[in-house]
Every structure is written in structure tokens, then in C-alpha cells.
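Asks: no sequence on this one, just coordinates:
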């Protein structure tokens, strides 16, 4: 199966628990269609470069995805119709990186950032 890196931005007034729940729902949607999401990182509330739907900030979620093109299409379709999602983008990659992304490595001491692997929540540096 092809590999993808998918990032989406959740509206800023969503709580961190709602963002966690939404990330879990996206992971479940991928698994139901025969794919995998081996790593999910929640980067936290960040400023946007420009306003999106009257918002200046958003909660960023990054996922590694191993799924067919049809599954990715269904994932993006679900993200498009979700009112909590401001923007999303998926990029095909040659291989998935199991290490923490630079966003997590550079700010590993923040409490609002976490890495989830295989459905289990772990704080970066405590693996």
C-alpha cells in the first residue's frame, strides 16, 4: 500500500479533548477501510499564516497513513465535510518516518503536544 503524510487543521475553539477525539475518529475511519495510521501527532494550537474561515489560529494534527488511494480519497472526503476541519492536505511519500516530526522534537517540553502510536497516547521523550 502507498504511504501518505496527512495534516489537518481543527477550528481554534475546539478543546484539546475534542481534537484527540477527532484524531481518533480519523484513525478509525482509516482502519475500517483497510489502512493503517501508525503515528498521529497533535501539534497543538498554532497561529495561521492568514485567516481561514475568520480564524487566526488552529489545532494542527499530523498523521502517517498507509492506505490505498481509494481510502485516502474517502478520508479527504470525510475531512472536507467535517465542519470542525478548517484545512487538510495529504502528500504521498516513499516511506513513513517512525521518528517524531521536527514540530515535536523542537518543542518536546510542551504539555499540549503528544504522539500517539497504534492508538496509545505517549508524551514525547517518555517512550
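Replies: Perfect, thanks for sending it. Given the structure is predicted, the values throughout are model-derived calculations rather than measurements.
Asks: and the longest strand anywhere in the chain, what's its mean pLDDT?
Replies: Identified as the longest strand of the chain according to DSSP state E is strand 36-52. Averaged across strand 36-52, the pLDDT comes to 89.
Asks: chain center to that strand: distance?
Replies: Here strand 36-52 is found 6 Å from its chain centre; the criterion is CA atoms, centre = their mean, to the nearest Å.
Asks: check stretch 79-95 too.
Replies: For stretch 79-95, the distance to the chain centre is 8 Å (CA atoms, centre = their mean).
Asks: with stretch 74-91 instead?
Replies: On CA atoms, centre = their mean, the centre of stretch 74-91 falls 11 Å from that of its chain.
Asks: correct me, but residue 90 touches residue 4?
Replies: Yes. Between residue 90 and residue 4 a contact is recorded at 5.0 Å, counting by CB atoms under 8 Å. (C-beta placed from N, C-alpha, C; glycine too.)
Asks: which neighbours do these two have in common?
Replies: Common neighbours of residue 90 and residue 4, using CB atoms under 8 Å, 6 or more residues apart in numbering, are 65, 72.
Asks: looking at these two, which is more packed in?
Replies: residue 4 (22 against 18; other CB atoms under 10 Å).
Asks: show me the shaky parts of this structure.
Replies: For the chain, the stretches with pLDDT under 70 are 107-127.
Asks: and for the helix or strand where residue 19 lies, what are the contacting residues?
Replies: For residue 19, the element it lies in under DSSP states H and E is helix 16-32. If you take CB under 8 Å, 6+ apart as the criterion, helix 16-32 is touched by 8, 10, 14, 36-37, 40, 42, 44, 59, 61, 63, 65, 67, 71, 74-75, 78-79, 82, 84-85, 112, 116, 119, 121.
Asks: now swap in stretch 85-93 and tell me
Replies: 2-11, 22, 52-53, 55, 58, 65, 72, 75-76, 79-80.
Asks: 7 Å instead, please
Replies: Outside of stretch 85-93, the residues within contact range by CB atoms under 7 Å, 6 or more residues apart in numbering are 2-11, 52-53, 55, 58, 72, 76, 79.
Asks: cheers, nothing more for now.
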